[in-house]
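**Student:** With the input below, show me the fold.
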Amino acid sequence: MEYKRGRFSWLLRPALIIYDIFIINIFAHYFLSFNEQDLYFFSSDFFNNKQLLYLIYTILFWVFSTALLRFYEVYRYTSLLNIISLLFKQLIVFLIGVFAFIGIFRSINLDAFTVLSYIIWVFLAISVIKILSFLFLKSFRAYLKGNLRNIVIVGSGDNIDELINIFTKKKELGYNIRAFFSNKNSKNRTGTIEDSFKYLKQNQSIDEIYCAIDDLSEKEVNEYVKYANINHSNIKFVPKTSKLFTKKLRTDYYMYLPVLSIQEGPLSDDFNKFLKRSFDVLFSLFVIVFILSWLSIVLFILIKLESKGPLFYRHKRNGINYKEFECYKYRSLKTTQEIKGTYVKPKDPRLTKIGKFLRKTNMDELPQFVNVLKGEMSVVGPRPHMLSYTDEYSKKIDKYNFIFRHHIKPGITGLAQVSGFRGEVEKDKDIINRIKYDNFYIENWSILLDIKIIFQTIINIIKGEEKAY
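**Tutor:** So this is what the prediction gives:
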């Protein structure tokens, strides 16, 4: 998601939408001669009132088509040529939409020339305001120093040097370079990459961070992502020109320079977030009330009879945007100490008898519904790894893919798990395939996919799984 803290330019988009819809309908009143009785907006026969129907139709059609073509997604780095291209595409789509409306209501007697004149005048009015507002903001940034974005640049390389050059010379873009950190000596640098973390802790007013991702370790990338998440900043990645761009990240062009940012998938949409969260809360409440309430008492007795220690086992995991949280499980081992880099193996001496059963049936994971209720996890999503494994796996996986995996909440179950990639990572291909399935899930999420994965999880539990130990 693109954050815009402390800025008012975001108000321009809804203002333009209202203006465009107003122009479409006010010009229709003068150019398109509907039947005389239809000029009254509240006539007794709704379906004969073509004027009112056209008003409703154009609002719905315009909002839907502009969203599909991303007509209003114009940013400070967007070129004028791209805006003209958007206007031309929307003109063609709207022309088709208007003729489709006239075709549906054959009682409307309008010649093609009149309709074309109407559309041309509409788009002239829309184009003038759209381009003028774009140019006004550019002048506002360049000459009045308003609408600026405070940025930090991290890393080195030709693309970073070119990015600094663009931001310095193109004042109309409105980027204010607050600091530049690099491990390479430079007269313009503020400090080293290590110094950047101290700087960011002391400055919470940074709007965007630009990282030369190939210069950074996974741990350093994690820290920048965490900062961006906590402080509602945008994080951008500047790749080497030799790298292939991944569809997992969105590519924007600043002049001719590619800059990557985390792609917005289905779960970036507010409605989809609400839908998934509502499902998580209802499902977890059902499990906690009707299963955990009595099961925890039974397991407390059984676990205590076999070994000393608590009922629940807490272990730290990486969640959304690498945020650490305590993940809950029923204790299945004789020890509660997490040993770095060790999965539980078949016939592991640390396993208790009841623990073997819990792990074989996946019942040890049930307390994670408390994590779901707290908002730290989701019922379905990528499984959270041990912190040590996050570091280790990130060295084997393309950084872009690994970052994308942490863009949503981790889940109790996931597409990778029901597809056979769960438990111990014995070979590199195990973790590579796991990440592939996780990223496919993020890109193609739907509530029906969640339900399908839950049912498949239940089936796998009944059938038994090879890696469930």
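**Student:** any low-confidence regions in the stretch 101-250 of the chain?
**Tutor:** Within the stretch 101-250 of the chain, the ranges that satisfy pLDDT under 70 run 105-108, 241-249.
**Student:** in this structure, which spans are strands?
**Tutor:** Here the chain has its strands, by DSSP state E, at 149-154, 175-181, 208-211, 234-237, 249-254, 257-262, 312-318, 324-330, 378-380, 411-413.
**Student:** export the ones you listed to a markdown table and tack on mean neighbour count and distance to Val370?
**Tutor:** C-beta: built from backbone N, CA, C; applies to glycine. Converted to a markdown table, those look like this (neighbours: other CB atoms under 10 Å; distance: least, CB to CB, whole Å):
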| stretch | mean neighbour count | distance to Val370 |
| --- | --- | --- |
| strand 149-154 | 23 | 37 |
| strand 175-181 | 19 | 40 |
| strand 208-211 | 24 | 34 |
| strand 234-237 | 22 | 30 |
| strand 249-254 | 16 | 33 |
| strand 257-262 | 19 | 28 |
| strand 312-318 | 18 | 9 |
| strand 324-330 | 19 | 6 |
| strand 378-380 | 27 | 12 |
| strand 411-413 | 26 | 11 |
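**Student:** which one of the ones you listed lies closest to Asn272?
**Tutor:** Of all the strands of the chain, strand 378-380 sits nearest to Asn272, with 12.0 Å by CB to CB.
**Student:** quick one: pLDDT of Phe22?
**Tutor:** Model confidence at Phe22, given as pLDDT, is 95.
**Student:** Kindly report the same for Glu36.
**Tutor:** For Glu36, pLDDT reads 46.
**Student:** Distance to Leu275 added to the strands of the chain, as CSV?
**Tutor:** Listed next are the strands of the chain as CSV, based on distance: least, CB to CB, whole Å:
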stretch, distance to Leu275
strand 149-154, 32
strand 175-181, 36
strand 208-211, 30
strand 234-237, 25
strand 249-254, 23
strand 257-262, 21
strand 312-318, 25
strand 324-330, 23
strand 378-380, 12
strand 411-413, 15
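**Student:** For Asp438, which of the ones you listed is the nearest?
**Tutor:** Proximity of those to Asp438 was assessed by CB to CB; the nearest stretch is strand 411-413, lying at 9.4 Å.
**Student:** For Leu110, which of the strands of the chain is the nearest?
**Tutor:** Leu110 lies closest to strand 249-254 among the strands of the chain, at 41.6 Å (CB to CB).
**Student:** pull the CA atoms of that closest one into PDB?
**Tutor:** C-alpha atoms of strand 249-254 as PDB (Å, rounded to 0.1, in the frame of the first residue of the first chain):
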ATOM      1  CA  LEU A 249       7.100  -6.700  -6.900                       C
ATOM      2  CA  ARG A 250       5.600  -3.800  -8.800                       C
ATOM      3  CA  THR A 251       7.900  -2.000 -11.200                       C
ATOM      4  CA  ASP A 252       7.700   1.800 -11.600                       C
ATOM      5  CA  TYR A 253       9.900   3.900 -13.800                       C
ATOM      6  CA  TYR A 254      11.500   7.100 -12.600                       C
END
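**Student:** Which elements pack onto it?
**Tutor:** Contacts defined by 3 or more CB pairs under 8 Å, 6 or more residues apart in numbering; DSSP states H and E place strand 249-254 against strand 257-262, helix 399-405.
**Student:** go with 6 Å
**Tutor:** strand 257-262 (3 or more CB pairs under 6 Å, 6 or more residues apart in numbering; DSSP states H and E).
**Student:** Next, the angle strand 249-254 makes with the strand it packs on.
**Tutor:** Strand 257-262 runs at 150 degrees relative to strand 249-254, counting by axes from the mean of the first three to the mean of the last three CA atoms, to 10 degrees.
**Student:** ok, what's across the strand from the closest residue in space to Ser196 that isn't next to it in sequence?
**Tutor:** Distance criterion CB to CB, 6 or more residues apart in numbering; nearest residue to Ser196, sequence neighbours excluded, is Phe181 at 3.9 Å. With DSSP bridges as the criterion, Phe181 is bridged to Val154, Gly191.
**Student:** Let me see the contact set for Phe181.
**Tutor:** Residues in contact with Phe181 (CB atoms under 6 Å, 6 or more residues apart in numbering) are Val154, Thr190, Gly191, Ile193, Asp195, Ser196.
**Student:** how about TSV for these, with distance to Tyr57 added?
**Tutor:** Formatted as TSV, the contacts of Phe181 follow (distance: CB to CB, whole Å):
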residue	distance to Tyr57
Val154	49
Thr190	55
Gly191	58
Ile193	55
Asp195	58
Ser196	53
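**Student:** Can you go through those and name the buried ones?
**Tutor:** The neighbour-count criterion (16 or more other CB atoms under 10 Å) marks Val154, Thr190, Ile193, Ser196 among these as buried.
**Student:** close enough to count as contact, the third one and Asn183?
**Tutor:** What it means is Ile193. Yes. Counting by CB atoms under 6 Å, Ile193 does reach Asn183; the two are 5.5 Å apart.
**Student:** Look up how far Ile151 lies from Arg178.
**Tutor:** Between Arg178 and Ile151 the computed distance is 6 Å (CB to CB, to the nearest Å).
**Student:** Leu351 now?
**Tutor:** Leu351 is 51 Å from Ile151, by CB to CB.
**Student:** again with Leu173
**Tutor:** Counting by CB to CB, the separation of Leu173 from Ile151 is 10 Å.
**Student:** Ok, Asn109 next?
**Tutor:** Distance of Asn109 to Ile151, given as CB to CB: 57 Å.
**Student:** what do you get for Gly414?
**Tutor:** Gly414 is 35 Å from Ile151, by CB to CB.
**Student:** Then Gly103?
**Tutor:** Per CB to CB, Gly103 is found 50 Å from Ile151.
**Student:** What of Lys226?
**Tutor:** Distance from Lys226 to Ile151, counting by CB to CB: 18 Å.
**Student:** Now Glu376. Its backbone dihedrals?
**Tutor:** Per-residue torsions, Glu376: phi -90, psi -20 (degrees, to the nearest 10).
**Student:** I'd like to check which residues are in contact with it.
**Tutor:** Counted by CB under 6 Å, 6+ apart, Glu376 has contacts Gly319, Phe325.
**Student:** Need the pLDDT of it.
**Tutor:** Glu376 is assigned a pLDDT of 93 by the prediction.
**Student:** Then Ile442?
**Tutor:** 87.
**Student:** Now for it: which residues touch it?
**Tutor:** Gly265, Ile408.
**Student:** Next, find the distance separating it from Gly411.
**Tutor:** 11 Å.
**Student:** Which residue is the nearest non-sequential neighbour of Arg359?
**Tutor:** Ser332 (5.2 Å).
**Student:** Wait, that neighbour touches Leu358, no?
**Tutor:** Yes. At 4.9 Å, Ser332 and Leu358 qualify as touching, with contact defined as CB under 6 Å.
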